[in-house]
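S.K.: below is the structure, and that's it, no one-letter string:
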């Protein structure tokens, strides 16, 4: 598995990433959050404009690939003593194939390059992937309810994986 970095310098890559992210997030989160909130969040976080803005603020986006296939996408940035994993999504047909461990190894490598000792992330309280994070060694550290505007909230658990 390889991780292809997406940069601001290639607008066509940002466009492709936005389309990929929209398709994955719509398929996964429409049933969980409802179409209205999901549309709002896609526009807020995964539109081309939002991705370009995130890239300009230090987010690093990657598309994991295997045998030429795009498997999904991830985004992260340093925050405090941890690498904050803002986004980690796989296409439906790629889920359950054992891709979490190699992705986590990549994230750990990136964190250690920056002298960081953990990976941290937020996950919706009703998202069944919380069990995957726990099997990977992440520990729940707190709950958060964040107002994202438009009358919507993100009701999350925060998980953390320590390396040392």
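M.R.: Everything's here; your move. These numbers were taken from a predicted model, which means no experiment stands behind them.
S.K.: so who does residue 34 touch?
M.R.: For residue 34, no contacting residues are found, by Cβ atoms under 8 Å, 6 or more residues apart in numbering. C-beta here means a position set from N, CA and C on the backbone, and glycine is covered the same way.
S.K.: quick check on it: phi, psi?
M.R.: phi 100, psi 150 (degrees, to the nearest 10).
S.K.: and the gap between it and residue 129?
M.R.: 18 Å (Cβ to Cβ, to the nearest Å).
S.K.: what do you get for residue 109?
M.R.: Applying Cβ to Cβ to residue 109 and residue 129 gives a distance of 22 Å.
S.K.: out of the two, which sits in the busier spot?
M.R.: When residue 109 and residue 129 are compared for neighbours, residue 129 comes out ahead with 16 against 10, by other Cβ atoms under 10 Å.
S.K.: tell me the phi and psi of the closest residue to the more buried one other than its chain neighbours?
M.R.: Closest residue to residue 129 apart from its sequence neighbours, by Cβ to Cβ, 6 or more residues apart in numbering: residue 123 at 6.2 Å. The phi and psi values for residue 123, taken as degrees, to the nearest 10, are phi -140, psi 140.
S.K.: quick thing: my sequence starts at 24, can you match it?
M.R.: Yep, numbering from 24; the last one is residue 146 now.
S.K.: if I pick residue 146, what's in contact with it?
M.R.: So residue 146 contacts 152-153, 156, 179-180, 182 (Cβ under 8 Å, 6+ apart).
S.K.: please repeat the previous calculation with a cut-off of 10 Å.
M.R.: 108, 111, 152-153, 155-156, 161, 163, 177, 179-182 (Cβ atoms under 10 Å, 6 or more residues apart in numbering).
S.K.: my guess is residue 62 meets residue 68, correct?
M.R.: No. Using Cβ atoms under 10 Å, residue 62 is not in contact with residue 68, being 11.4 Å away.
S.K.: for whichever strand or helix holds residue 176, what does the pLDDT average out to?
M.R.: Taking DSSP states H and E as the definition, one finds residue 176 inside strand 175-185. Averaging pLDDT along strand 175-185 yields 95.
S.K.: so what's the gap between it and the chain middle?
M.R.: 12 Å (Cα atoms, centre = their mean, to the nearest Å).
S.K.: next: stretch 79-87.
M.R.: The answer for stretch 79-87 is 10 Å, by Cα atoms, centre = their mean.
S.K.: what angle do the host helix or strand of residue 107 and strand 175-185 make?
M.R.: Per DSSP H and E: residue 107 is located in strand 105-113. When axes from the mean of the first three to the mean of the last three Cα atoms, to 10 degrees is applied, the directions of strand 105-113 and strand 175-185 differ by 110 degrees.
S.K.: fine by me, we can end here.
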